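A.B. asks: My questions concern the predicted model and sequence given below.
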Amino acid sequence: MILPRFDVLTPATVTEACALLAAHTAAGVRILAGGTDLLVELRRPIIPQHVPRCDGCPTHPEGAVFSTIDCTMWNSEPLMAAGGSVRAAVKPPAFLLSLHKLRDLRGLQKRTDGSLRVGACTTITDIERSRDIREGWTALAEGADNLGSPLVRNRGTVGGNIANARPAADTAVPTIALRATLVLRSTSGIRTIAAADFPTGPGKTIINPGEILTYIEYPAPAKYSGSAYHKLANRKALEISTVGVAVYLALETPGGPVADVSVALGAVGPKPLAAASVGPVLLGRIPDETAINDAARAAMEDARPIDDHRGSAWYRLQMVEVLTRRLLKTALARAEGKK
Amino acid sequence: MKKLITLTVNGVLHELAVEPRRTLLQVIREDLGLTGTEKGCGIGDCGTCTVLVDGVATFSCLTLAVQVEGCAVETVESLAENGKLNALQQAFVDHGAVQCGYCSPGMLMTSTELLRRNPHPTEQEIRRAISGNLCRCTGYQKIVEAIQAAAGGQHE
């Protein structure tokens, strides 16, 4: 792979990173974490490469050429896709800001209130192997299990997966279901935002130029609660999900009514979505077969799937119901301590 | 504008001036002349460029050399001991896990990491560990058997 020319900035602290980012915004700078997405995006398109059909992508059936900027916020030139099936050359940024020296941003910190703070540069492998996450935030561990391949997980970071804002991102979907808060840092201070409000479309987020995603904060799980994630895909590795669903469920008491529920959907919309329709259907009810079926059907109302080579919109919609139903049962069993 | 970095490769400390855009793979192959590490897809799908960075299996094609400054890198050349194939390499040969050989450097490095972390992996653990390394010849079965044999597993 021949990469275009750029310079790499290597700040040693988060404060320095914010200053460098602000100073180089005008010249064009992208944030480099694991590089598993960014370096692929920046490579020169020597061989025409198919890109997935999703809203805003050049192969989208609505048109062979698109003129809005989707892949990168730094390049103001319209991306032209020849023939509608070729990855367009992305104008390279003059600078990459590499986060590899920011040790503060790598690792997990369980807090006294039971919440968990995850550094944005924590690798997917670190998440996959964390016993704390598997016990308390199981859906996130299951998202990490299913992301890419072991080699991708060794390099890729949870912050990168979330900030890259792909609709099927395997850690973003559980992060939304677990109601995490994202902490953004810039020279003007700290801003926090709910994970569900962070992505705005394929590859797009509310992050402003000059801001860095530094931490992801997962609230403490309720006493009788459980969570689960399932990735529906054709392969077990190196795959982008056809549908991904994450569920968090809390009970007032074992065997009692539902105290809290949160469902997030991946690959069935332009971004990972929170399925807001589930809560009103399930809250306060005993989670029996009927209640769970009603909730699963409600989740379908929030999905906005499209047809593509991974599956039809119709199929995806059915799978939202099936997966939500199964995952509610899994989360319920976990909430009741049956694993 | 080149950057000066230090890199320990197979136990030898190198001081290198590298262009920021150069990948670890390019530096290993072109600057250091260690061509055992192969370049495959170049986008992190095939795994043949796998090396160990501070003991972690890493695709060198998607890692900039400046990102691993000061790290210890192990390539496939580090496996043989005194010109003799190590147990894992020999197992690959003995079990027919090498056909065209293009995936072998990546397979060997990925399984080296696996066996260090988990000296007696199950078949499922092996298959999961090498799921980021593509082989188009063997159908994986012979590779899995070779790794099992090297681990002293219950092969045959």
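C.D. replies: Thanks, I have the structure now. Numbers count the residues shown, from 1 in each chain, chains lettered A, B, ... in the order given.
A.B. asks: got the contact list for the residue of the stretch 1-150 of chain A found nearest chain B?
C.D. replies: Closest contact between the stretch 1-150 of chain A and chain B, by CB to the nearest CB, is at A:S149 (2.7 Å). Bear in mind the C-beta positions are built from the backbone N, C-alpha and C, glycine included. By CB atoms under 8 Å, 6 or more residues apart in numbering or on different chains, the contact set of A:S149 is A:A237, A:L238, B:G47, B:S131, B:G132, B:N133.
A.B. asks: Any chance of JSON lines for the residues you listed, columns pLDDT and secondary structure?
C.D. replies: What follows is the contacts of A:S149, written out as JSON lines (pLDDT from 0 to 100; DSSP: H, G, I helix; E, B strand; the rest coil):
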{"residue": "A:A237", "pLDDT": "92", "secondary structure": "coil"}
{"residue": "A:L238", "pLDDT": "92", "secondary structure": "coil"}
{"residue": "B:G47", "pLDDT": "97", "secondary structure": "coil"}
{"residue": "B:S131", "pLDDT": "97", "secondary structure": "coil"}
{"residue": "B:G132", "pLDDT": "97", "secondary structure": "coil"}
{"residue": "B:N133", "pLDDT": "97", "secondary structure": "coil"}
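A.B. asks: For A:S277, give me its contacts.
C.D. replies: A:A298, A:A299, A:E301, A:D302.
A.B. asks: Write out the residues of chain B neighbouring chain A.
C.D. replies: By CB under 8 Å from any CB of the partner chain, the residues of chain B that approach chain A are B:1, B:3, B:19-23, B:39, B:42-45, B:47, B:50, B:56-59, B:61-64, B:66-69, B:110, B:128-133.
A.B. asks: Can you list phi and psi of B:I130 for me?
C.D. replies: phi -100, psi 10 (degrees, to the nearest 10).
A.B. asks: so what's A:I240 up against?
C.D. replies: Contacts of A:I240 by CB under 8 Å, 6+ apart are A:P52, A:R166, A:A168, A:A233, A:A267, A:R310.
A.B. asks: neighbours of A:R103, just the number please.
C.D. replies: Neighbours of A:R103 under the rule other CB atoms under 10 Å in any protein chain shown: 11.
A.B. asks: do the same with A:A333
C.D. replies: 14.
A.B. asks: Surely it is in contact with A:G226?
C.D. replies: Yes - applying CB atoms under 8 Å, one finds A:A333 in contact with A:G226, separated by 6.9 Å.
A.B. asks: picking up where we left off before, can you select the buried ones among the residues of chain B next to chain A for me in PyMOL?
C.D. replies: Typed into PyMOL, the line below selects the buried ones among the residues of chain B next to chain A, using 16 or more other CB atoms under 10 Å in any protein chain shown:
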select buried, chain B and resi 3+19+20+21+22+23+39+42+43+44+45+47+50+56+57+58+59+61+62+63+64+66+67+68+69+110+128+129+130+131+132+133
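A.B. asks: From the residues of chain B next to chain A, which land in helices?
C.D. replies: When DSSP state H is applied, those are split such that B:T110, B:R128, B:A129 fall in helices.
A.B. asks: Grab the nearest non-local neighbour of the residue of the stretch 1-150 of chain A closest to chain B.
C.D. replies: In space, and not counting its chain neighbours, A:S149 is closest to B:G132: 2.7 Å by CB to CB, 6 or more residues apart in numbering or on different chains.
A.B. asks: State the distance from A:Y218 to A:L116.
C.D. replies: According to CB to CB, to the nearest Å, A:Y218 and A:L116 sit 4 Å apart.
A.B. asks: actually B:I130, not the one I wrote
C.D. replies: 31 Å.
A.B. asks: for A:I193, same thing?
C.D. replies: As judged by CB to CB, A:I193 and A:L116 stand 17 Å apart.
A.B. asks: Pick out whichever of those two has more residues nearby.
C.D. replies: When A:I193 and A:L116 are compared for neighbours, A:L116 comes out ahead with 22 against 15, by other CB under 10 Å.
A.B. asks: Pick out the residue closest to the middle of chain B.
C.D. replies: Centroid-nearest residue in chain B: B:M109, 2.9 Å away (criterion: CA atoms, centre = their mean).
A.B. asks: Confirm for me that that one is in contact with B:T50.
C.D. replies: Yes - with contact defined as CB under 8 Å, B:M109 counts as touching B:T50 (4.5 Å).
A.B. asks: list the residues that contact both of the two?
C.D. replies: B:A57.
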